[in-house]
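Undergrad: Sharing a model that was predicted from the sequence below.
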Amino acid sequence: MIGAYDTLEKPLGYDAILEESKEIGFGMSSDMTVGALLRVLIASKPKGNFLEMGTGSGLALAWMVDGMNSEATITSVDNNPELTAIAQRYFGVDSRVNIRCEDAEEWLANYEGEQFDLVFADTWVGKYTHLDTLLRQLKQGGFYVVDDMRKQPNWPEGHEEKVKNLLEVLDSQQHMEVVQLDWATGVVIAVKK
Ligand SMILES: C[S@@+](CC[C@H](N)C(=O)[O-])C[C@H]1O[C@@H](n2cnc3c(N)ncnc32)[C@H](O)[C@@H]1O
């Protein structure tokens with residue numbers, strides 16, 4: 001049946017990372033459906049160069065790594081060392097994975113490498129701030145993905161306005177094709193033309 005996500009094959013390390021996340025009280029990870037979507041998009045770009053802004057404990061990263069082929073690479077940035085330490089334990093030995101424990105704004109400002117085939121923007125920088133800077137680092141044909149666009153009861157005051165603004169700004173991009181999916185936590189996928 002459509003939507004039978006309980007039959008999804010979870011990536012290596014997923015359950016263990018989820019357990020560790022619960023132990024330290026980290027509950028900001030993306031859900032399985034978004035992880036599965038990311039895995040599909042990543043798999044469409046063999047040898048791809050990928051970016052996650054906001055590693056957390058590495059749950060979305062687990063899905064993304066699972067979709068990568070042997071020649072693909074991924075960089076994931078988070079400024080919380082307790083969280084990156086968890087992700088590092090699971091993916092640190094994988095030479096395709098580069099986990100950076102630093103401020104995302106500084107990292108982005110200093111980035112001089114190859115443009116990305118997919119960016120999962122899961123922190124403030126590159127989503128609610130510095131969107132243009134991040135989109136400049138996206139290849140033609142590259143995916144820009146955000147989740148958590150659906151209104152939640154626990155959103156702080158003013159957050160709904162930020163989300164509305166992001167959706168409008170993305171929709172107005174001349175060089176992007178954008179689709180808003182009222183699905184899972186609310187997902188936007190945009191592709192640079
Ligand atoms: C929504 S969580 C990321 C969850 C992760 N992508 C996942 O789905 O498993 C957002 C993350 O952004 C990180 N963060 C917040 N401000 C940051 C900053 N200025 N630079 C880097 N990371 C930041 C937080 O530490 C948090 O782990």
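TA: Arrived safely, thanks for sending.

Undergrad: Please make it C-alpha for all contacts and neighbour counts, starting now.
TA: Fine.

Undergrad: Neighbours of Asp122, how many?
TA: 24 (other CA atoms under 10 Å).

Undergrad: now it: how far from the ligand?
TA: Asp122 sits 5 Å away from the ligand, going by CA to the nearest ligand atom, to the nearest Å.

Undergrad: is it true that that residue touches Glu52?
TA: Yes - shown here, Asp122 and Glu52 form a contact pair, counting by CA atoms under 8 Å, at 7.0 Å.

Undergrad: what does the chain put close to the ligand?
TA: Within the chain, the positions near the ligand by CA under 6 Å from any ligand atom are 28-30, 54-60, 77-80, 102-104, 122-123.

Undergrad: Just the buried ones from those residues, in ChimeraX syntax?
TA: Selection command for ChimeraX covering only the buried members of those, criterion 16 or more other CA atoms under 10 Å:
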select :29,30,54,55,56,57,58,59,60,77,78,79,80,104,122,123
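
Undergrad: Among the residues of the chain next to the ligand, which lie within helices?
TA: Counting by DSSP state H, these place 59-60, 104 in helices.

Undergrad: The top strand by length along the chain: which residues count as buried?
TA: The single longest strand within the chain, with elements called by DSSP state E, is strand 138-146. Within strand 138-146, the residues that count as buried by 16+ other CA under 10 Å are 138-139, 141-146.
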